[in-house]
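Undergrad: Everything below, folded, please.
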Amino acid sequence: MAELLALSPSRANDFVQCPLKFRLRTIDKLPEPPSEAAFRGTLVHSVLERLFDASAPERTIERAVDGIAPALEALRAKDPQTVAELFPGPDQIVRLQEQARGLLEAYFALEMPDRLEPEAREEFVSAPMSSGLLLRGFVDRTDRAPGGQVRLVDYKTGKQPKPQYSSEADFQMRFYALVHWLSRRELVHTLQLFYLGSRTTVAKRPTAGDIERTEMEILELWESIARAAEADEWRPRRTPLCGWCHFKPICPAWGGTPPPTPEITAIAGR
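TA: Numbering: from 1, shown residues only. From the prediction side, this is the model:
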């Protein structure tokens, strides 16, 4: 049995990309193999989070690089099987650490952390909508300027996508700006993405109109999800991304057969 009561930006993007993918992840909760890219991102996020534990003058690239090994050991202690599967030998571990170092160097080329005092790091945020749907997720970093202006920051360890492929990240940041508004009635001043893989940043200043449009977009998306759940119609969508989807062997669009949908006992707004 499953309940559909909450939505994160990643699961929302799943439905937009492929309704069946959303179902298999959110309702069936089928396991997926870990990926090196995702683990590398988790490692770098962990190092950057801990970097701000140090006083401002101590937030140096040397300290960040020194933090790779302990952060890796903490992740290994939490999930030794994943680390052993992805990085079975010392050569793979060295390569991972070198890649993490390169991404941290990219971060320091984009920002000076000794000039920041984040209000929050890796913070779980949530807020209910008028329909009863709970919006939730994790914000990498929240900064507040002396004048009170708020900046929401997200680190991406990949490269900046071409404009036609940037909608997912844009939606994610607008989603969090909406959560901030719903929970604090405060308009975010800046939404900033750091693409460490390409050493680039993207910053936007949302307006009240942007927040309102994002709210309507999410309500319309949730209505589509609710209708799909009530009709048990989770149509697959063939795209070039199917080649990277773990669920391709059981996808009807590729000749597969998914398992029966688990019973859904509750849907927000229904």
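
Undergrad: Heading C-terminal from the helix or strand harbouring residue 176, find the next helix or strand.
TA: Taking DSSP states H and E as the criterion, residue 176 maps to helix 167-184. Reading on from helix 167-184 to the C-terminus, the next helix or strand found by DSSP H and E is strand 190-195.

Undergrad: all helices in the chain, in order from the N-terminus.
TA: Assigned by DSSP state H, the helices in the chain fall at 9-17, 19-22, 36-51, 61-66, 68-78, 80-86, 90-110, 167-184, 208-231.

Undergrad: okay, these in JSON lines with distance to residue 240, mean neighbour count and mean pLDDT next?
TA: To be clear about C-beta, it is placed using only N, CA and C from the backbone, and glycine gets the same treatment. Shown next, in JSON lines, are these (distance: least, CB to CB, whole Å; neighbours: other CB atoms under 10 Å; pLDDT from 0 to 100):
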{"stretch": "helix 9-17", "distance to residue 240": "11", "mean neighbour count": "19", "mean pLDDT": "97"}
{"stretch": "helix 19-22", "distance to residue 240": "14", "mean neighbour count": "22", "mean pLDDT": "98"}
{"stretch": "helix 36-51", "distance to residue 240": "17", "mean neighbour count": "19", "mean pLDDT": "98"}
{"stretch": "helix 61-66", "distance to residue 240": "35", "mean neighbour count": "15", "mean pLDDT": "98"}
{"stretch": "helix 68-78", "distance to residue 240": "31", "mean neighbour count": "14", "mean pLDDT": "98"}
{"stretch": "helix 80-86", "distance to residue 240": "25", "mean neighbour count": "14", "mean pLDDT": "97"}
{"stretch": "helix 90-110", "distance to residue 240": "25", "mean neighbour count": "16", "mean pLDDT": "98"}
{"stretch": "helix 167-184", "distance to residue 240": "14", "mean neighbour count": "19", "mean pLDDT": "97"}
{"stretch": "helix 208-231", "distance to residue 240": "22", "mean neighbour count": "15", "mean pLDDT": "98"}
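
Undergrad: Perfect, that will be all.
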